[in-house]
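Enquirer: Pasting the sequence and the predicted model now:
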Amino acid sequence: MSDDQDRHHDPDAPQWQHQDHDEEESLDLGGEAEEGQHAMVPARDTLPERIYLLPIHNRPFFPAQVQPLVINRERWEETIQRVAKTPHHTVGLAFVGEAALEGLAHDDFPEIGTAVKVHKLQGEEGQLQFIAQGLQRFRIQRWISREPPYLVEVSYPREPVDAEADEARAYAMSLINGIKELLPINPLYGEELKHYLNRFSPHEPGPLTDFAAAITSAKGRELQDVLATLPVLARMQKVLPLLRKEIEVAQLQSEISDQVNAQMEERQREFFLREQLKVIQRELGISKDDRENDVDTFRDRLESLVVPPRVLTRIEEELDKLAVLETGSPEYGTTRNYLDWLTSLPWGVHSQDQLDLVRARQVLDRDHDGLEDVKERIVEFLAEGTFKGDVGGSILLLVGPPGVGKTSVGRSIAETLGREFYRFSVGGMRDEAEIKGHRRTYIGAMPGKLVQALKEVEVENPVIMLDEIDKMGQSFQGDPASALLEVLDPEQNVDFLDHYLDVRLDLSKVLFVCTANTLDSIPPALLDRMEQIRLSGYIAEEKLAIAKHHLWPRLLKRANIPKKRINLTEAALRQLIEGYAREAGVRQLEKQLHRIVRKAAVTLLENDQQSVKVSVKNLETFLGTPLFRKEQVLKGEGVVTGLAWTSMGGATLPIEAGKVHSLTRGFKLTGKLGEVMQESANIAYSYVLGHLAEYGADADFFDSAFVHLHVPEGATPKDGPSAGVSMTTALLSLAKHRAIDRPLAMTGELTLTGQVLPVGGIREKVIAARRSEIFEVILPDANRRDFDELPDHLKEGVTVHFAKRYRDVAKVVFG
């Protein structure tokens, strides 16, 4: 039954179709077949020599088929009317494939087609329908009409077969068995088809083969090939593989259907059983519905909490509302989520602080090498908390270059106190709702980060780190830095209001630790609320200790490589620090050590070595050419070494002054200097110009000299007032024609009257001088206290001169 398979539909082409025939227009065939004449039996009428042709597109029609056929009335009505006028009511069906009806030529028709008898012709709504009874194959001998209605002269070829031959009988039995095997597993084949099959026998292999081909879903061209094969044995050899393929597809389809049905039945069974169980448990009073379960869950959470009265009142109101809402309503989900947040917060739950100074020093020393001043500040902070009884309500700000350990210091503070630690970065944050939450009227509203932190740590007094607080942004969604003013104010955060919770929350017991690289971008109002602790850069000795005690063991452990298999000498480690990792922190140092581990692992595996030694001699093999060469201190007339502070730490800043010509008086600045630095240069030039005689220089030197002042590394932007003393000294050295005869660095701001004002970053600048092997520095007298607070290992071997006025500087430099 070929209509059981999927086909491409063309409304103009004849189509097989099962259809009810009530209330249809009946056309006279002029000799309608007797009742029962269209029964599913091969026709034995005398076949005409001339027949009209109907092209079909989907698949060829076989002599063994009896099938309804639907055609386009407008296009083929004349052909059918002519067929109706013939005494034999026979028409030829020819498979033309995908050829378009409009451009159909006689060459598109195959040589072999099927003659069918037309029964029960009926028409409705632009279509004609009739039952086609396959009679016999025909071969087109001559075209009489090559335009519709197509008329051809045909012959009816014989189908040679020896039905009694063993091979033919075997193929016939195989076809019958295949058809019987296909019918039960394909529900599309009904009982009528099974009875029809009983009419075929192995002694009539031709009709049997055609019937087997007709019930397959093979492609039209394959079936046309079968139709055009006249020898029955060869035809059976082609049909049997098509039938076996159809059986395999039907079996696979049946297996898939069985699996789907089994899954559906199992799920339905589970669903019914669960529903019955719920009903039984509800009747017995041992089960509750989802709404009651939610209410009980929230009430159970409240039993172990100490909830403030105002918050408890709000929770009770929401629980009463939840009890009357339908579980499927959107408001139920919103209310449930709100109660889930309210009851998940650690109301009245605190962890006990461990205010043991001895243990605090042990933890800090274990986790950090160097930073002695920072450790001391933290211990002082904890000692104060010992007398108060707690350290809640404090806000610390750790300021320092990248990679100096600000985040790890925050973790150590939490471990020292025995508190939970929660960190989130506010860098790039532009929405104040990240801090104070969204209002519940919005879809997908959530509390702010602080409420989320308290829910996660499950105590009211954790250590919360706000990382990168100097990198917050602003947008139309609000200013998160302003939102933090309430959070970081001990007088206000007792009653912190989150927009989502809409109840007051006590943050006064939280220890906030903030980190920043610079203070410039932090709003003054916010900076005023925090206690600053500066973490300056590390010197080489501190980096060496950090690498030996922390970085190198951690990298080996992470790579699962035994320590004895990679031998990194101390000399190589020093060379690595000096040549590859001069930044203030240790992040670049860790990257270079990791690079050594990777390359050493490759060497161990490829060369099958037991160990690898990394020394000064082969360090470049692992890391390449050093990124930094030993800084050469510039010398000569008009050349001075200044000291500068950057966000990456301290640095030496050479300043050069030179006389270009004596044609005219002038002053030129280069080196990508900022406005403040340009003003410092102009002040230095004016001061030297007015005090040349006082310092023993030619008073007329600048009258005809065009002077050029340059700060090297011209691609690097530079700004700040601390180079005033250095620029003055460079101009005075040029005017006196005297070069500085020893390694000497200086820093300080100069006024027009010659006063030396204090500057910042003294620790970083001293470290930069030591790194360049400069052990004599000039600092403003007002920075004496900053220098005295430096660790002894930084001050050791350094000669410091403090200057109140510039004449103190000139006395040190020129004697």
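Expert: It's in. Residues are numbered from 1 along each chain as shown.
Enquirer: Could you tell me which strands the host helix or strand of M465 is paired with, and in which direction each runs?
Expert: Under the criterion of DSSP states H and E, M465 resides in strand 463-467. Sheet pairing for strand 463-467, assigned by DSSP bridges, gives strand 421-425 (parallel), strand 511-516 (parallel).
Enquirer: Out of the ones you listed, which gets nearest to K375?
Expert: Evaluated over the strands paired with strand 463-467, closeness to K375 peaks at strand 511-516, with 14.7 Å, by Cβ to Cβ. Where you see a C-beta, it was placed from the backbone N, CA and C, and this is true even at glycine.
Enquirer: what about A693, how many residues close to it?
Expert: Number of residues near A693 (other Cβ atoms under 10 Å) recorded here: 10.
Enquirer: Correction: the previous question concerned P207.
Expert: Residues within reach of P207, counting by other Cβ under 10 Å, total 19.
Enquirer: and if you look at S686?
Expert: 13.
Enquirer: residue contacts, the residue lying closest to it once chain neighbours are set aside?
Expert: Leaving aside its chain neighbours, S686 sits nearest to L752 (6.4 Å; criterion: Cβ to Cβ, 6 or more residues apart in numbering). L752 makes contact with 683, 686-687, according to Cβ atoms under 8 Å, 6 or more residues apart in numbering.
Enquirer: which among those residues gets closest to I215?
Expert: I683 (104.9 Å).
Enquirer: and the helix or strand the closest one falls within, what other elements does it pack with?
Expert: Assigned by DSSP H and E, I683 belongs to helix 675-690. On a contact count with 3 or more Cβ pairs under 8 Å, 6 or more residues apart in numbering; DSSP states H and E, helix 675-690 meets strand 666-670, strand 706-710, helix 724-736, strand 749-750.
Enquirer: In CSV, please show the C-alpha coordinates belonging to it.
Expert: Taking Å, rounded to 0.1, in the frame of the first residue of the first chain, the C-alpha atoms of helix 675-690 are listed here in CSV:
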residue,chain,number,x,y,z
GLU,A,675,51.5,69.9,34.0
VAL,A,676,52.8,69.7,37.6
MET,A,677,56.2,68.5,36.5
GLN,A,678,56.4,71.3,33.9
GLU,A,679,55.6,73.8,36.6
SER,A,680,58.4,72.3,38.8
ALA,A,681,60.8,72.7,35.9
ASN,A,682,59.9,76.4,35.4
ILE,A,683,60.2,77.0,39.2
ALA,A,684,63.7,75.3,39.1
TYR,A,685,64.8,77.4,36.1
SER,A,686,63.5,80.7,37.8
TYR,A,687,65.2,79.8,41.1
VAL,A,688,68.5,79.0,39.5
LEU,A,689,68.4,82.0,37.3
GLY,A,690,68.0,84.3,40.3
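Enquirer: ok and that helix relative to strand 706-710, angle-wise?
Expert: 140 degrees (axes from the mean of the first three to the mean of the last three Cα atoms, to 10 degrees).
Enquirer: okay, the angle between helix 675-690 and strand 666-670?
Expert: Using the same axes, to 10 degrees: helix 675-690 against strand 666-670 is 150 degrees.
Enquirer: oh, and call the first residue 137 from now on, that's how I've got it
Expert: With 137 as the first residue, the last one maps to helix 811-826.
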